[in-house]
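> Below are the sequence and a predicted model; questions follow.
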Amino acid sequence: GNSVTQMEGPVTLSEEAFLTINCTYTATGYPSLFWYVQYPGEGLQLLLKATKADDKGSNKGFEATYRKETTSFHLEKGSVQVSDSAVYFCALPNDYKLSFGAGTTVTVRA
Amino acid sequence: KAGVTQTPRYLIKTRGQQVTLSCSPISGHRSVSWYQQTPGQGLQFLFEYFSETQRNKGNFPGRFSGRQFSNSRSEMNVSTLELGDSALYLCASSLHTDTQYFGPGTRLTVL
């Protein structure tokens, strides 16, 4: 079945630093790809998605491009803030469910 | 539109008891999925319902069960609770695409 492999953390950054979290996928065809974010004590929030190859999803300064050549969907943000401290999950659909990566914990220091 | 709601938000139970968790999807969404999140195992899929039919089930023992009602609300039940069932239980709903929207979760602690 479809699966994702995600760079594991933790990742610690200073404010205004560049963030990248790697995600690669294995899939039949070209399914939609997602990034979810989980803030402390909360559920998962959809951060961004891409529905086909070469699509770029973006939201709140985060971006990710669906690259079929490298089967990747890396998450990037140019200048992180303390409020971006959270756990980030890469995901893709797989037989009526989402398959998630292990999650990457990001801590941004002021 | 209101988001996915889950009740209760927190639960404390003792081993051997049973528990029922509730999930109300976003209005119009007919698919509801359940996931268990633990520090050791990460996010694990429990089951998915669409129009009252279970379409997929994860690899969990029979103590875990669920159902969906005609109004798309869903419940999951865990019988004979074990310490290892302590987790955050997340419900998600979707319309007819792959995009799932999650609720805040129910934090279950088994003592």
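That came through, no problem.
> Spatially central residue for chain A, please.
In chain A, the C-alpha nearest the mean C-alpha coordinate belongs to A:Trp35, at 3.7 Å (C-alpha atoms, centre = their mean).
> Excluding chain neighbours, what is closest to it?
A:Leu47 (4.4 Å; C-beta to C-beta, 6 or more residues apart in numbering or on different chains). To be clear about C-beta, it is placed using only N, CA and C from the backbone, and glycine gets the same treatment.
> what's that neighbour sitting at in phi/psi?
The phi/psi pair for A:Leu47 (degrees, to the nearest 10) reads phi -90, psi -50.
> Model confidence for it, exactly?
pLDDT, A:Leu47: 98.
> Can you give me the separation between it and A:Val108?
The spacing between A:Leu47 and A:Val108, counted by C-beta to C-beta, to the nearest Å, is 15 Å.
> same check, this time on A:Ser32
28 Å.
> Same check on A:Lys77?
10 Å.
> Please identify which helix or strand holds the residue sitting nearest the centre point of chain B.
What sits nearest the mean C-alpha location of chain B, by C-alpha atoms, centre = their mean, is B:Trp34, with 3.6 Å. Per DSSP states H and E: B:Trp34 is located in strand B:31-38.
> quick one, the helix or strand that that strand is followed by and strand B:31-38 angle?
Downstream of strand B:31-38, the next assigned helix or strand under DSSP H and E is strand B:42-50. On the basis of axes from the mean of the first three to the mean of the last three C-alpha atoms, to 10 degrees, strand B:42-50 is oriented at 160 degrees to strand B:31-38.
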